[in-house]
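In: Pasted the sequence and its predicted model underneath.
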Amino acid sequence: MDDWWEESLHDGFRVGLRIDELLHETKSAFQHLKLFENKALGRVLTLDGIVQTTERDEFIYHEMLSHTPILAHGDVHRVLIVGGGDGGMLRRVLMHPGIESVTVVEIDDSVIELSKRYLRSICGDAFDDPRAEVIIGDGAGYVADGRGQFDVIIVDSPDPVGPAGVLFERGFYSDCKSCLAAGGIIVTQNGVPFLQGEVLRSTVHHLRSLFADATCYLAPVPLYVGGFMAFGWASDDPTLRQVTLKTLSKRLAKVNLTARYYTAEIHMSAFALPGYVEALVVSV
């Protein structure tokens with residue numbers, strides 16, 4: 001029989017992927033890592049039994065969580081990535097020529113080493129870029145210490161299961177705000193609202209208690225099953241979310257960005273929320 005991997009993150013159904021070749025499996029001090037080949041999706045990375053990224057669809061997630069805040073801001077020089085051990089987010093951020101430094105705080109160095117070895121199609125040479133600083137440590141502890149002022153903070157976290165739960169709490173978002181420069185933006189991974197509505201509702205509630213402008217935007221990431229994936233958005237400058245298509249198009253042309261999903265039009269439309277998502281956001 002074929003060997004299959006199954007994810008049961010959501011109560012009531014499972015997702016199955018065939019393991020065509022097991023490339024690596026280990027238990028680090030923090031989590032169970034598994035990396036395998038799948039004919040349809042390429043290399044698949046799972047942590048504690050939950051899909052984190054695949055070679056086939058990672059570009060959608062990474063482009064939307066990086067390019068959207070950076071191009072909306074328009075003058076980003078310093079970026080903090082909490083999590084992001086696969087390097088896909090770092091690689092996309094470094095595509096912007098105005099970036100002077102990117103700090104990646106990843107709790108598990110095993111994820112980074114695994115990605116460097118097996119997932120070069122995702123991380124490329126991003127970890128070797130002189131603008132990148134990698135800190136192996138707790139992201140919540142890093143922002144609690146208030147080190148650095150960043151134009152954009154990207155919370156590239158796993159689902160709120162186990163130790164990652166702290167990255168969805170108000171105290172963490174408050175500490176992030178203390179690390180944001182004036183007019184900065186924080187964006188967050190907030191799961192699939194069709195199945196994880198409470199995760200999005202809670203995050204937006206916390207962000208609205210801290211920032212002048214807080215909402216979410218969406219993108220369809222095939223392997224995060226259940227429809228659209230939500231990304232939290234918060235800033236004390238409401239005009240950043242109201243950037244015009246003309247301005248975005250000019251900024252995009254200036255940086256000469258290579259993207260497979262993100263466009264100026266997609267950026268604008270991502271903030272148009274379906275009714276069931278809008279109901280979650282307006283009810284907080």
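Out: Received the coordinates, thanks. Numbers count the residues shown, from 1 in each chain.
In: Okay, helices next: where are they in the stretch 1-150 of the chain?
Out: 58-73, 88-93, 109-118, 120-123, 139-144 (DSSP state H, counting those that start in this stretch).
In: Likewise for the stretch 151-284 of the chain?
Out: According to DSSP H, counting those that start in this stretch, the helices that the stretch 151-284 of the chain contains are 170-178, 197-208, 245-255, 264-269, 275-282.
In: Determine which stretch of the ones you listed is the most buried.
Out: helix 197-208 (a mean of 20; mean count of other CB atoms under 10 Å). Using the backbone N, CA and C atoms, a C-beta is placed for each residue, glycine as well.
In: Nearest approach to Arg120 belongs to which of the helices of the stretch 151-284 of the chain?
Out: Distance to Arg120, taken as CB to CB, is lowest for helix 245-255 among the helices of the stretch 151-284 of the chain, at 23.3 Å.
In: Would you mind pulling the contact partners of the closest one?
Out: Leu71, Ala72, Gly74, Met95, His96, Pro97, Gly98, Thr263, Ala264, Glu265, His267, Met268 (CB atoms under 8 Å, 6 or more residues apart in numbering).
In: strand partners of the longest strand anywhere in the chain, parallel vs antiparallel please.
Out: Using DSSP state E to define each element, the chain has its longest strand at strand 180-189. If you go by DSSP bridges, strand 180-189 pairs up with strand 150-156 (parallel), strand 228-235 (antiparallel).
In: tell me which residues of the shortest one are tucked away?
Out: Think strand 150-156. For strand 150-156, a neighbour-count test (16 or more other CB atoms under 10 Å) marks Phe150, Asp151, Val152, Ile153, Ile154, Val155, Asp156 as buried.
In: Counting by contacts, list what the lowest-mean-pLDDT helix or strand in the chain packs against.
Out: The weakest-scoring helix or strand in the chain, judged by mean pLDDT, DSSP states H and E, is strand 4-7 (a mean of 86). If contacts are counted by 3 or more CB pairs under 8 Å, 6 or more residues apart in numbering; DSSP states H and E, strand 4-7 sits against strand 15-18, strand 42-47.
In: Measure how far the last one is from the centre of its chain, please.
Out: In this case it means strand 42-47. Chain-centre distance of strand 42-47: 16 Å, with CA atoms, centre = their mean, to the nearest Å.
In: mind listing what that strand pairs with, with the direction of each?
Out: Take DSSP bridges as the rule and strand 42-47 pairs in its sheet with strand 32-38 (antiparallel), strand 50-54 (antiparallel).
In: Buried deepest among those, which one?
Out: With a mean of 22, the top stretch among the strands paired with strand 42-47 by mean neighbour count (mean count of other CB under 10 Å) is strand 50-54.
In: which regions of the stretch 151-284 of the chain sit below the pLDDT cut-off?
Out: Where the stretch 151-284 of the chain drops to pLDDT under 70, the residues are 160-164, 283-284.
In: coming back round to it: would you mind checking which of the contacts of helix 245-255 is nearest to Lys34?
Out: The shortest gap between Lys34 and any of those belongs to Met95, at 29.0 Å (CB to CB).
In: how many neighbours does that closest one have?
Out: 17 (other CB atoms under 10 Å).
In: my guess is it contacts Asn256, does it?
Out: No: between Met95 and Asn256 there is no contact under CB atoms under 8 Å: 9.1 Å.
In: measure stretch 115-129 end to end?
Out: 15 Å (CA to CA, to the nearest Å).
In: Show me how far that stretch is from its chain's centre.
Out: With CA atoms, centre = their mean, you get 17 Å for stretch 115-129.
In: follow-up on the earlier one: need the strands paired with strand 42-47 in CSV (columns: distance to Asp20 and mean pLDDT).
Out: Shown next, in CSV, are the strands paired with strand 42-47 (distance: least, CB to CB, whole Å; pLDDT from 0 to 100):
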stretch, distance to Asp20, mean pLDDT
strand 32-38, 5, 95
strand 50-54, 13, 92
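In: Figure out which of those is closest to Gly84.
Out: Closest among the strands paired with strand 42-47, using CB to CB: strand 50-54, at 10.2 Å.
In: before we move on, the earlier item: which of the buried residues of strand 150-156 sits closest to Val44?
Out: Distances from Val44 to those, taken by CB to CB, are shortest for Asp156, at 17.3 Å.
In: Return the residues in contact with the closest residue to Gly148 other than its chain neighbours.
Out: Leaving aside its sequence neighbours, Gly148 sits nearest to Cys179 (CB to CB, 6 or more residues apart in numbering; 5.9 Å). Contacts here follow CB under 8 Å, 6+ apart; on that basis Cys179 touches Leu80, Val143, Gly146, Arg147, Gly148, Gln149, Phe150, Ile153.
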